[in-house]
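Asks: Sequence first, predicted model second:
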Amino acid sequence: MSCSTCLTTQVSDPTDSIYVITVTDIYGCVDTAQVRLDRTERPEVHIPNVFNPNSNTGNSTFAIYGNNEVERVLKVQVYDRWGNLIYLSTTMELNNPSSGWDGTYNGQNVEQGVYVYLLEVLLMDGSVDVYHGDLTVIR
């Protein structure tokens, strides 16, 4: 804390902390409160559930987005409704739509429909989070 006896102070501790604040008024009355400051940024991974490969206004690839707590995308797999693997990437760049899946399989556009994804992301703390869900391709 920049000043423990001032009415206003600044905290520059980059970690989660619990502070005990004690105040004494001009009459000598004392009150104490605890304040928890949660300074740790949590990993946020954003995965679209619909995309249109034919769109000219964005949202034309299936790309993965994350905040500063996400280091990189390790693997992305997309399966059709019969369980066939139709897309696999170990090089998809986080927050880069141009590196996302373009809705093709073997050079051909996939049909409009629902697909299943499975992906792994590496977090800055070294742990790996796994996500799965469905993805709708519209044309």
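Replies: Yep, that arrived. All values derive from a computational prediction rather than experimental measurement. Numbers count the residues shown, from 1 in each chain.

Asks: tell me the helices in this protein, going along the chain?
Replies: Counting by DSSP state H, no segments of the chain form helices.

Asks: Domain parsing of this protein, as residue ranges.
Replies: The record's domain split for the chain, according to automatic domain parsing, is 1-40, 45-137.

Asks: what's the distance between the longest one and the middle of its chain?
Replies: Taking the mean C-alpha point of domain 45-137 and that of its whole chain, the gap between them comes to 13 Å (CA atoms, centre = their mean, to the nearest Å).

Asks: just stretch 42-51 next, same as before
Replies: 6 Å.

Asks: And the contacts of that stretch?
Replies: Identification of contacts with stretch 42-51 by CB atoms under 8 Å, 6 or more residues apart in numbering yields 59-67, 69-70, 103, 117, 119, 121, 123-124, 129, 131, 133-138. Any C-beta I mention is one placed from the backbone N, CA and C, and that applies to glycine too.

Asks: Looking at those residues, which are in strands?
Replies: Among those, the ones falling in strands (DSSP state E) are 65-66, 70, 117, 119, 121, 123, 129, 131, 133-137.

Asks: And the residues you listed, which is closest to Ile18?
Replies: Ranked by distance to Ile18 (CB to CB), the ones in strands among the contacts of stretch 42-51 are led by Leu123 at 24.8 Å.

Asks: Quick check: that closest one touching Leu94?
Replies: No - at 11.3 Å, Leu123 does not count as touching Leu94 under the criterion of CB atoms under 8 Å.

Asks: which residues do these two both contact?
Replies: Val70, Glu71.

Asks: Can you pull out the low-pLDDT segments for this structure?
Replies: Counting by pLDDT under 70, the chain shows low-confidence ranges at 1, 13-14, 39-40.

Asks: quick one: the strands in it?
Replies: Going by DSSP E, the chain shows strands at 17-24, 30-37, 45-46, 50-51, 65-66, 70-79, 85-89, 104-105, 108-109, 113-123, 128-137.

Asks: Take these and lay them out in TSV including distance to Cys6 and mean neighbour count.
Replies: Listed next are those as TSV, based on distance: least, CB to CB, whole Å; neighbours: other CB atoms under 10 Å:
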stretch	distance to Cys6	mean neighbour count
strand 17-24	12	10
strand 30-37	16	9
strand 45-46	41	14
strand 50-51	52	17
strand 65-66	39	18
strand 70-79	38	19
strand 85-89	54	16
strand 104-105	62	14
strand 108-109	65	10
strand 113-123	38	17
strand 128-137	42	13
